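>>> Fold the following and give me the result.
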Amino acid sequence: MDFFGNDFLNMYEHPPPIYFSLSDPFVQEYYGYNNNELEFYLKLSLLLGRHVEITAANLWQSKQTFNLFLSAKKLNECGQIRLATRNIENKEYIFTSYFKQRYDERSHFIPLPGMLSYLDFQLPETFNVAKDLDAHAKANFRQGGNVTEIFTNQISNFCIEFQNKRLYENIINLKEIDSVSRATIANIVLQQPFTSNIKRAIILKSNLLYLLSNAISTNSQLIYPLTKKDVVFIRPDSSINEIQIILNNVGLTSKILKAISFETIYKAYNFGLLKKIQNYIWFFRENNKISKTYFEKKLTLYLARNAIKYLIEINNNTYKTQDIKIPDKYIEYQFEINEKRIFYFNLNRTFLYQSKGDIMGKNEIKLATLIEELNEKLSLDKLKSISVELFEDYEFLPHSNKLEFIRELCLECKRQNKIVEVVERAIKHNPNFNLLPSTVFVPTSFIDWQANNSVGENVSSDDQEKIISSKHRFQSISFLEKGFEISRRICMIVNDKMHFRATGFFIDKEYIMTNKHVLQDHEITSSTCVWINYEEGTKRNSGDIIQKYSLDSASLLLSSKYDMAICKVNFTGFPAYLDNLPDLKFGAPIIDEIVPIIQHPDGMPKQICIGHNSLQYVNHERIQYLTDTMPGSSGSPVFNSNWELIGLHSKGGWIAEPRTGQTVFRNEGIHIQIIKDFLNENNIAYNDHL
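This next block holds a predicted model:
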């Protein structure tokens with residue numbers, strides 16, 4: 001038996017690879033990892049797995065991952081760090097083909113709020129990274145199961161365990177159009193009436209399942225942080241503490257591992273030492289909790305300690321090898337990826353997708369606006385390249401300067417019906433290219449049940465104080481007092497079993513009204529209760545406590561066509577809170593009138609939104625308005641300036657305006673006349689003030 005124990009070592013299998021999830025930009029941002037921490041975990045992964053798998057896309061999505069790859073580039077060339085791509089047919093341009101394929105997938109361009117924007121995105125300028133990777137890096141095709149299919153099954157099973165029917169159905173719908181991604185899942189979760197903590201937990205769980213799906217597809221282990229310091233290795237399961245105990249026993253403390261360079265690990269690979277260390281550590285991980293002979297464990301420990309000793313000697317330059325050279329091109333890249341940049345790119349992509357059907361119709365882009373934006377946002381070289389892409393030439397366009405060239409290009413695009421194409425290419429060259437009209441106030445997210453300030457009035461600049469729209473918004477001070485009184489009718493709907501919060505209001509002293517998507521059936525209603533007087537800082541709240549009552553599921557009434565539900569409250573003795581309730585008057589929706597909504601957004605105590613909230617559209621079924629809402633606002637009453645009920649809040653986000661077919665970013669409710677018809681059908685009395 002030789003000193004390193006080759007004969008003994010060959011009795012055991014090698015460790016499986018490790019899928020390195022810490023290369024993912026969302027993981028890096030959420031847990032706040034710095035470069036030193038990422039280097040430590042990559043070194044650790046190189047010792048714990050046969051090799052390390054990194055998703056190639058992460059290199060152009062994350063500056064940290066890109067720099068990490070540069071520092072360990074030699075380990076990519078020898079196959080210890082593998083850049084995983086899909087099985088692209090074009091073998092000569094693997095990374096650029098992979099980039100373009102992902103770039104054309106719509107599921108990678110779902111705008112999400114805040115840090116969630118890092119879940120998935122592609123920025124056009126990082127195409128240069130992919131091009132140079134083709135020249136200087138080694139690609140590995142991801143072999144094994146289809147990640148999307150595995151992820152779909154994983155997330156579907158989770159939804160079933162979570163016992164949320166609506167979440168499950170939305171996932172299945174995504175599966176049918178083959179667009180399941182972390183971004184699409186997060187978008188669906190944000191639409192649900194869950195609390196913020198539950199949404200965060202579900203999104204983190206889905207992120208873990210996605211990364212686990214990548215590991216499963218390559219039969220790899222997965223390194224994943226439960227918290228920043230609580231890192232685990234999955235398949236087989238090991239905590240970072242368990243692994244550190246093993247490493248300490250073989251003489252590889254955290255301090256030593258941090259001091260060992262990637263150059264040293266590369267040398268150890270060339271000497272055949274790295275493979276032996278990997279297998280020794282794997283032996284202890286596999287056999288720590290099962291019976292092995294005393295001799296086997298002692299011998300393995302002895303061999304491992306000597307291998308680590310040689311590794312430390314290599315690190316101290318006992319053995320000399322040629323220094324690693326990194327191409328100068330890599331140093332030139334400037335990554336300016338931030339949330340704002342990602343957001344604007346996603347916003348423009350979404351606008352383009354939403355507008356393709358209408359962009360040459362009634363809502364045609366003005367050529368003057370297009371020319372101005374092209375002149376401001378793109379260089380002449382990029383404009384010429386766009387012309388080549390569209391017309392295979394640019395010299396046929398007469399021009400003596402940049403502005404004249406742009407004008408001729410736009411006119412030619414209009415003649416050949418290629419306005420959409422020129423906009424699409426402009427956005428790819430510059431994510432901040434923007435043709436949204438001035439009446440669009442840029443929202444912070446695009447989710448179904450949440451709306452922020454959006455389509456509507458022009459917002460004045462900082463140096464202006466004036467009436468913003470054509471109609472003033474002044475109200476008598478009594479407006480607030482009346483609103484405070486009518487708010488007694490609003491209640492919060494709570495279901496702890498299904499993990500959601502929503503809003504409702506008393507039609508009379510027996511029935512509450514909310515949305516059908518809140519109280520979907522008798523089973524859900526039977527586990528749902530209402531909270532009365534859930535508010536903060538009011539004179540009512542100072543002496544009273546929150547009152548909670550169950551619902552009478554047998555009395556549930558659902559509209560067959562509209563998103564409306566009515567149900568009785570199980571009162572055990574009539575509560576004094578409902579004495580002298582202010583009348584619920586019915587009013588008429590009037591365009592441009594203010595639309596205050598009292599609600600329980602995100603499960604918070606009672607809130608009111610009375611700013612930037614004009615009514616934008618009315619037909620015989622629907623009303624559309626700008627009033628802010630959030631998940632949890634579903635089922636809120638929609639009032640006019642006289643605190644008369646004009647609708648039931650139902651949904652929000654990018655929706656169609658029925659009259660024009662235009663896609664707008666608004667909230668939408670059910671018209672008061674539909675509500676009255678529903679009440680009449682079910683013989684529920686109300687005050688008719690129309």
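
>>> Tally up the residues packed near S213, please.
Neighbour count of S213, defined by other CB atoms under 10 Å: 22. Bear in mind the C-beta positions are built from the backbone N, C-alpha and C, glycine included.

>>> repeat for G573
With other CB under 10 Å as criterion, G573 counts 5.

>>> contacting residues for the nearest residue to T126 once chain neighbours are set aside?
Sequence neighbours aside, W60 is the residue nearest to T126 in space, at 3.6 Å (criterion: CB to CB, 6 or more residues apart in numbering). Counting by CB atoms under 8 Å, 6 or more residues apart in numbering, W60 touches 66, 99, 122-123, 126-127, 129-130.

>>> which secondary structure element contains W60?
helix 57-61 (DSSP states H and E).

>>> quick one: average confidence on that helix?
Per-residue pLDDT values across helix 57-61 average out to 92.

>>> circling back: using PyMOL, define a selection of the buried residues within the contacts of W60.
Selection of the buried residues among those in PyMOL, burial being defined by 16 or more other CB atoms under 10 Å:
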select buried, resi 66+99+122+123+126+127+129+130
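
>>> where are the low-confidence patches of the stretch 301-450 of the chain?
317-338, 350-351, 353-365, 436-450 (pLDDT under 70).

>>> State the number of residues packed around I546.
12.

>>> At which residues are the strands of the stretch 1-150 of the chain located?
Ranges of strands within the stretch 1-150 of the chain are 18-20, 52-55, 81-85, 139-141, based on DSSP state E, counting those that start in this stretch.

>>> Which strands border the third one, and is each parallel or antiparallel?
Translated: strand 81-85. If you go by DSSP bridges, strand 81-85 pairs up with strand 52-55 (parallel), strand 139-141 (parallel).

>>> Of those, which stretch is the most buried?
Most buried of those, by mean neighbour count (mean count of other CB atoms under 10 Å): strand 52-55, with a mean of 24.

>>> who touches that strand?
17-20, 23-24, 42, 45-46, 65, 69, 80-84, 140, 142, 214-215, 218, 220.

>>> List the buried residues for the strand or helix carrying L374?
Per DSSP H and E, L374 falls inside helix 367-377. Buried residues in helix 367-377, counted by 16+ other CB under 10 Å: 370-371, 373-374, 377.

>>> Turn those residues into CSV, including distance to M604.
Formatted as CSV, these follow (distance: CB to CB, whole Å):
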residue, distance to M604
L370, 43
I371, 47
E373, 40
L374, 45
K377, 40
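
>>> and which of these is nearest to E149?
Taking CB to CB as the measure, E149 sits nearest to K377 out of the buried residues of helix 367-377, at 39.4 Å.

>>> wait, isn't the closest one in contact with L435?
No: K377 lies out of contact with L435 (CB atoms under 8 Å); the separation is 10.3 Å.

>>> ranges for the helices of the stretch 551-690 of the chain?
672-681 (DSSP state H, counting those that start in this stretch).

>>> Strands of that one, start to end?
Using DSSP E, counting those that start in this stretch, strands in the stretch 551-690 of the chain cover 565-569, 597-599, 607-609, 615-618, 622-625, 637-639, 645-656, 663-671.

>>> List the contacts of the fifth one.
Think strand 622-625. Taking CB under 8 Å, 6+ apart as the rule, strand 622-625 contacts 589, 595, 613-618, 638, 646-647, 655, 657-658, 664, 666-671.

>>> what residues are up against P589?
615, 618, 623, 640, 646-647, 671-672.

>>> Over to K43?
257-258, 260, 262, 265.

>>> make it 7 Å
257, 260, 265 (CB atoms under 7 Å, 6 or more residues apart in numbering).

>>> Quick check on the residues you listed: which are buried?
Here, 16+ other CB under 10 Å leaves 257, 260, 265 buried among these.

>>> what's the closest of the residues you listed to I386?
Distances from I386 to these, taken by CB to CB, are shortest for I265, at 45.3 Å.

>>> which residues of the stretch 501-650 of the chain score low on pLDDT?
541-544, 611-612.

>>> How many neighbouring residues does the residue lying closest to F639 once chain neighbours are set aside have?
Leaving out its chain neighbours, the residue that sits closest to F639 by CB to CB, 6+ apart is P596, at 5.3 Å. Residues within reach of P596, counting by other CB under 10 Å, total 22.

>>> Is P596 in contact with I610, as I believe?
Yes: using CB atoms under 7 Å, P596 makes contact with I610 at a distance of 4.5 Å.

>>> do you know how far V52 is from D393?
47 Å (CB to CB, to the nearest Å).

>>> try Y562
On the measure of CB to CB, Y562 and D393 end up 56 Å apart.

>>> Just want to know which of the two has more residues nearby.
Y562 (19 against 10).

>>> Surely that one touches I670?
Yes: the criterion here is CB under 7 Å, and Y562 meets it with I670 at 5.5 Å.

>>> still on that earlier bit, how about the strands of the stretch 551-690 of the chain, which one is nearest R349?
Among the strands of the stretch 551-690 of the chain, strand 645-656 sits nearest to R349 (CB to CB), with 12.8 Å.

>>> what's the pLDDT at the nearest residue to N667 once chain neighbours are set aside?
Nearest residue to N667, sequence neighbours excluded (CB to CB, 6+ apart): G652, at 3.9 Å. G652 is assigned 78 on the pLDDT scale.
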